[in-house]
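Participant: pasted the sequence and its predicted model underneath.
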Amino acid sequence: MSRRVSTPQNRVELSSVSVVRLKRGGATFEVAAYPSKVADFRRGVETDLDEVLQIVSVFSNVSKGVLAPKKSVAKAFPKAATEDVCREILKAGSVQVSAREREAKAEQLAKDISNLVASLVVDAETGARLPPDSVARLLRDDVGFAPQTTRSAKQQALDVIKVLEKDHGLKRAPMELKVACGDADAAVVAAALRAVDADVTATVSNDSVACVAPPRVYRQLVAAVAAASDGAGAVSVVDRAAAVDKTVSEKTSGG
C-alpha cells in the first residue's frame, strides 16, 4: 500500500535563496530572493518582483518554508497588498548571510586584497614584483592578516602595505608620471622634480618631462611643477604602479 506525503498548505519548499528579514509589530517577516538580486532591486536596476523573488509571498521563516499568517501581515502592514509588503521587506529588511556565503565572501576579499597589494608593491632591494599567490602566502603565514568584510579591499590593502614596508622588505611601487611644462623650460621643471626627493627621476622629452617617483611625494611634485611653471604645468598619472622587468617568485618575511 503506497503512502502519499503531502506538504502543509502554509509550507513552501525553496532552495538556493537569499533571505531578507524585517521585524515589525513584534513579528518577523521574510522574503525569499534570488542570490544577488536584492542589491539590484535596491539600486533600482531591477523592479520586477518576479525577477527578484523566488515566490512573491511573505514568510515567517523562509528556511522552514513557513508562510506568515495573514492576520500578522495585515496587522503589521495595514491594507497593503502582498506585492507592496514584499517590496517594503526588500527595501528595509536585512539580508541574512549564511556561514557558507560569509566564508566565500571572506575568501574572495582576501584574494582581492592580495591581488591589489601585488599590483602596488615591489621588492625594496631589487624593485621586482611579487606574484599574487606569493603575496597571499606572505599575508597569511607571516603577517597573520585576516580580512575584515566590513572594510573595502583598497582600504585594507593600503593598511597592510604599511606593515609590509616596515617589516617585510617591500615598498610601494613607484608612480610613472608625465609632466606638461606649459611655457616653462622643461629642464627647469625636471630639476624642480628631482629636488623634491632623492628617489625621484625626471627625464626631459621634447617639451614635457617623464617622471618616476614614490607615491608618498605625489602632492609635493604637483606643487613643484606649479611653482616651476608659474601654474601653467600639469601632472598626469601614466601608471600608479610602474611596471618592472623581473618578478620575484617567492618572498619570505624580512627577506
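Facilitator: Everything's here; your move. Numbering: from 1, shown residues only.
Participant: just checking, next helix/strand downstream of the longest helix seen in the chain?
Facilitator: Longest helix of the chain, by residue count under DSSP state H: helix 99-120. Next helix or strand after helix 99-120 toward the C-terminus (DSSP states H and E): strand 121-123.
Participant: buried set for that next one?
Facilitator: For strand 121-123, a neighbour-count test (16 or more other C-beta atoms under 10 Å) marks 121-123 as buried. Bear in mind the C-beta positions are built from the backbone N, C-alpha and C, glycine included.
Participant: tell me what it is packed against?
Facilitator: helix 153-167, strand 170-172 (3 or more C-beta pairs under 8 Å, 6 or more residues apart in numbering; DSSP states H and E).
Participant: again, only using 7 Å
Facilitator: strand 170-172 (3 or more C-beta pairs under 7 Å, 6 or more residues apart in numbering; DSSP states H and E).
Participant: which elements pack onto the strand it packs on?
Facilitator: Strand 170-172 packs on strand 121-123, helix 153-167, going by 3+ C-beta pairs under 7 Å, 6+ apart.
Participant: what strands line up against it, and which way round?
Facilitator: Sheet pairing for strand 170-172, assigned by DSSP bridges, gives strand 121-123 (antiparallel).
Participant: re earlier: dump the helices and strands packed on strand 170-172 to TSV, plus distance to Val135 and mean pLDDT.
Facilitator: Listed next are these as TSV, based on distance: least, C-beta to C-beta, whole Å; pLDDT from 0 to 100:
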stretch	distance to Val135	mean pLDDT
strand 121-123	8	87
helix 153-167	9	89
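Participant: out of the ones you listed, nearest to Glu83?
Facilitator: Proximity to Glu83 (C-beta to C-beta) singles out helix 153-167 among these, at 36.9 Å.
Participant: and the helices in the stretch 151-255 of the chain?
Facilitator: Secondary structure of the stretch 151-255 of the chain (DSSP state H, counting those that start in this stretch): helices at 153-167, 186-194, 218-228.
Participant: kindly report the same for the stretch 1-150 of the chain.
Facilitator: 37-43, 49-52, 70-76, 82-92, 99-120, 132-137.
Participant: okay, the helices of the stretch 151-255 of the chain, which one's buried deepest?
Facilitator: helix 186-194 (a mean of 20; mean count of other C-beta atoms under 10 Å).
Participant: so which elements touch that helix?
Facilitator: Under the contact rule (3+ C-beta pairs under 7 Å, 6+ apart), helix 186-194 is packed against strand 201-205, strand 208-213, helix 218-228.
Participant: using JSON lines, please lay out those together with distance to Gln155.
Facilitator: Output for these, formatted as JSON lines (distance: least, C-beta to C-beta, whole Å):
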{"stretch": "strand 201-205", "distance to Gln155": "30"}
{"stretch": "strand 208-213", "distance to Gln155": "23"}
{"stretch": "helix 218-228", "distance to Gln155": "19"}
